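[1] would you be able to build a 3D model of this:
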Amino acid sequence: MTPDNVLFFATALLPPLLMLAAMPPGRVESVWRRFHLLSLAALSLTLGALALQLVGAPGAGGPLLPGLGATLVGAWVAVLVQLLGTVIGVFSSRYLQGEPGQARYVAALAGVLGAVHLLLLANHWVVLIAAWAAVGMALQHLLCFYADRPFARLAAHKKRVADRLADVLLLAAAFLSWREVGSGSLPALWQHLEAGPASLALQLAAVCLALAVVLRTALLPLHGWLIQVMEAPTPVSALLHAGVVNLGGFVLIRFAPLLEAAPLARWLLVVMGLATALLAGLVMLTRVSVKVRLAWSTVAQMGFMVMECALGLYTLALLHLIGHSLYKAHTFLAASGAVEEARLRSMRGDASPSLQSLLIAPLAAGAMVSLLVAWAPLPAWPWWWSAVLALAWAPLLWTPAAAAPDAAERARRWLTAMGLVGLLATVALLGHSVPFGVQDAPHTAAGLVASAGMAVLYACLAAMQARPQALATWRRWSYAGFYVDEYATRAALRWWPARWMPAAND
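    Next up, the predicted model:
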């Protein structure tokens, strides 16, 4: 092994080991101090691994150990996850001051980060399934940190049900793939797919993988647990919404060769992602609680991300993953400040919007500006990319312009929105040239379906804004989440009764 190999080997493999080393219990002060030091060290190593791959250093990338391998897209996500974990750890140490069980919290947080790093390095079906299951098991202790809160326990229980169903589907996908290829190695699967069209077994494996991602990414109808984890501490919500739930997007990008060989799996993801984005986007606009709005926004954004992967827009999906993670981490960790700002403005009688509420994207302006900026400048960027961009940004940034007190303010908000969406579209265009280690494979027919879905969303939002009284019943259904979660909760409790749910510390 050359010195370059040793250097890359260390930078790629040490981060998960450092996070595991942060798990042992101890006194609260020493536990937090150890976590902060090891987390910073792991962040430095992930940055080093990414730099080595970007410069093409000898020995960078490729296999590390049996079942483990480094990829450029994995290195990008590893930096993102470790950065968020470090920031959330610092925030948590202050947020939880005086709370009992902090050592258990640190152990679970470190366990989540270590398992995520292992998932990002997974180069074999067995490692992938085991690492993703470990992420869910470690996260359970964070979700049940306040074990006396019934909705926290219910959310953890429903997530456990979704995870176990996803595990079964992943095992089925691994079995079908292993039987067809003769190996559980992912590079062996890619080579097999390059040799010819995918067999029926591999296409079924792709469908099982797609369904597993739908379950793990909180798409409809099993999205309720992601809404109810608001009962967990705020930094746990930030970790979940900004990091863990985005892993489904990474897995789809990682399995791009398999998805491209299985049209049924791609269409399934398009339909599920689009339906989730449409419904969750409508529900989000009717909620009042800051954290609940953010939760529904995450559900919508997961729908967009899954749909982008199904459309073959992997670069856009990765940019979306990174941008959404950073945005949600900041928004959740600053949620208390947003509530305080709104309360002070209300006490002053100030009806003017806050700075964040000015970052709006009226849907017509979003569609128009992003269409003009991103009008097919690259062969790999078809015109409907702009439609997908506008669709993804709309629920995240939408604030009705009609709420402005006068015409001048309304015009200013429209101009602000147009400039913002134009800037975002330009950034996305520039980001397309960044080496992420992914290659797009656009699906034009599915892109047209996504554009039609965007038009439906625009029409619904415009109607809800223009005729609020006439659509009062529709708004009530939207506020209730169209009662999808109620039916899913009953089914989950019938299949796995709540009395079987283990205690939080088990």
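[2] what stretches of the stretch 401-506 of the chain score poorly on pLDDT?
    For the stretch 401-506 of the chain, applying pLDDT under 70 flags the ranges 401-406, 409-410, 413-432, 458, 461-462, 464-475, 479-480, 498-506.
[3] go again with 50.
    For the stretch 401-506 of the chain, residues meeting the criterion pLDDT under 50 lie at 401-402, 500-506.
[4] count of neighbours near residue 190?
    Close neighbours of residue 190, defined as other Cβ atoms under 10 Å, add up to 14. Placement of C-beta: from N, CA and C, glycine included.
[5] quick one: it and residue 202, what's the gap?
    Using Cβ to Cβ, to the nearest Å, one gets 12 Å for the distance from residue 190 to residue 202.
[6] do the same with residue 128
    Per Cβ to Cβ, residue 128 is found 16 Å from residue 202.
[7] try residue 109
    Here residue 109 is placed at a distance of 37 Å from residue 202 (Cβ to Cβ).
[8] following whichever helix in the chain runs longest, which helix or strand comes up?
    Ranked by number of residues, the top helix in the chain under DSSP state H is helix 150-181. For helix 150-181, the following helix or strand on the C-terminal side (DSSP states H and E) is helix 186-195.
[9] ok, residues contacting that next one?
    With contact meaning Cβ atoms under 8 Å, 6 or more residues apart in numbering, helix 186-195 is reached by 63, 69, 122-125, 128, 177, 180-183, 202, 254, 257-258, 261.
[10] buried subset of those?
    Taking 16 or more other Cβ atoms under 10 Å as the criterion, what is buried in the contacts of helix 186-195 is 69, 122-125, 128, 177, 180-181, 202, 254, 257-258, 261.
[11] which of those fall within helices?
    125, 128, 177, 180, 181, 202, 254, 257, 258.
[12] go ahead and confirm residue 103 touches residue 26.
    Yes: in terms of Cβ atoms under 8 Å, residue 103 counts as a neighbour of residue 26; the distance is 6.5 Å.
[13] so, low pLDDT: which residues of this structure?
    1, 350-384, 395-402, 500-506.
[14] most centrally placed residue in it?
    Residue closest to the average C-alpha location in the chain (Cα atoms, centre = their mean): residue 246, at 2.3 Å.
[15] for it, list the residues it contacts.
    302, 305, 321, 324, 325.
[16] Throw these into a markdown table and include neighbour count, secondary structure and distance to residue 454, thanks.
    Putting the contacts of residue 246 into a markdown table (neighbours: other Cβ atoms under 10 Å; DSSP: H, G, I helix; E, B strand; the rest coil; distance: Cβ to Cβ, whole Å) gives the following:
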| residue | neighbour count | secondary structure | distance to residue 454 |
| --- | --- | --- | --- |
| 302 | 31 | helix | 17 |
| 305 | 28 | helix | 15 |
| 321 | 26 | helix | 20 |
| 324 | 23 | helix | 18 |
| 325 | 23 | helix | 23 |
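[17] out of those residues, which is nearest to residue 444?
    Among these, residue 305 lies closest to residue 444 (Cβ to Cβ), at 19.7 Å.
[18] helices of the stretch 251-400 of the chain, start to end?
    Using DSSP state H, counting those that start in this stretch, the helices of the stretch 251-400 of the chain run over residues 256-260, 263-284, 290-310, 314-333, 335-348, 363-373, 384-397.
[19] contact partners for residue 201?
    By Cβ under 8 Å, 6+ apart, the contact list for residue 201 reads 176, 177, 179, 180.
[20] and those, which two are furthest apart?
    Those two in the contacts of residue 201 that are separated most widely, counting by Cβ to Cβ, are 177 and 179, at 7.3 Å.
[21] distance check, the nearest residue in space to residue 35 that is not next to it in sequence against residue 291.
    Spatial nearest neighbour of residue 35, excluding adjacent residues (Cβ to Cβ, 6 or more residues apart in numbering): residue 22 at 4.6 Å. Using Cβ to Cβ, one gets 27 Å for the distance from residue 22 to residue 291.
[22] repeat that for residue 178.
    42 Å.
[23] same deal with residue 264?
    Between residue 264 and residue 291 the computed distance is 37 Å (Cβ to Cβ).
[24] for those two, indicate the residue with more neighbours.
    Legend: neighbour count by other Cβ under 10 Å for residue 264 and residue 291, higher for residue 291 (21 against 12).
[25] what residues sit buried inside stretch 60-79?
    60-61, 64, 67-79.
[26] residues contacting it, please?
    Under Cβ under 8 Å, 6+ apart, the answer for stretch 60-79 is 4, 8-9, 12-13, 15, 43, 46-47, 49-50, 52-54, 117-118, 120-124, 126-127, 186-187, 250, 253-254, 318, 321-322, 435-438.
[27] and the nearest residue to residue 261 once chain neighbours are set aside, how many residues sit next to it?
    For residue 261, ignoring the flanking residues on the chain, the nearest one in space by Cβ to Cβ, 6+ apart is residue 198 at 3.7 Å. Residues within reach of residue 198, counting by other Cβ under 10 Å, total 21.
[28] so who does the closest residue to residue 202 other than its chain neighbours touch?
    Closest residue to residue 202 apart from its sequence neighbours, by Cβ to Cβ, 6+ apart: residue 180 at 5.5 Å. Applying Cβ under 8 Å, 6+ apart to residue 180 gives the contacts 192, 199, 201, 202, 205.
[29] how about residue 238?
    84, 88, 91, 328, 329, 332, 333.
[30] can you confirm it is in a helix?
    Yes: counting by DSSP: H, G, I helix; E, B strand; the rest coil, residue 238 is found in a helix.
[31] quick one: it from residue 139, how far?
    According to Cβ to Cβ, residue 238 stands 13 Å off from residue 139.
[32] host element of the closest residue to residue 13 other than its chain neighbours?
    Spatially, and ignoring its direct neighbours in sequence, residue 13 is nearest to residue 64 (6.0 Å; Cβ to Cβ, 6+ apart). Secondary-structure assignment from DSSP H and E places residue 64 in strand 62-65.
[33] show me how the protein divides into domains.
    As assigned by automatic domain parsing, the chain contains the domains 1-123, 147-333, 353-466.
[34] would you mind writing the CA trace of stretch 100-119 as PDB?
    Presented in PDB, the C-alpha positions along stretch 100-119 are these (Å, rounded to 0.1, in the frame of the first residue of the first chain):
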ATOM      1  CA  PRO A 100     -31.400  14.100  32.400                       C
ATOM      2  CA  GLY A 101     -30.200  11.400  29.900                       C
ATOM      3  CA  GLN A 102     -27.700  13.600  28.100                       C
ATOM      4  CA  ALA A 103     -25.100  10.800  27.900                       C
ATOM      5  CA  ARG A 104     -27.700   8.500  26.300                       C
ATOM      6  CA  TYR A 105     -28.500  11.300  23.800                       C
ATOM      7  CA  VAL A 106     -24.800  11.700  22.900                       C
ATOM      8  CA  ALA A 107     -24.400   8.000  22.400                       C
ATOM      9  CA  ALA A 108     -27.400   7.800  20.100                       C
ATOM     10  CA  LEU A 109     -26.300  10.900  18.100                       C
ATOM     11  CA  ALA A 110     -22.800   9.500  17.600                       C
ATOM     12  CA  GLY A 111     -24.400   6.200  16.700                       C
ATOM     13  CA  VAL A 112     -26.500   7.800  14.000                       C
ATOM     14  CA  LEU A 113     -23.600   9.600  12.500                       C
ATOM     15  CA  GLY A 114     -21.300   6.500  12.500                       C
ATOM     16  CA  ALA A 115     -24.000   4.400  10.900                       C
ATOM     17  CA  VAL A 116     -24.600   7.100   8.200                       C
ATOM     18  CA  HIS A 117     -20.900   7.200   7.400                       C
ATOM     19  CA  LEU A 118     -21.000   3.400   7.000                       C
ATOM     20  CA  LEU A 119     -24.000   3.600   4.700                       C
END
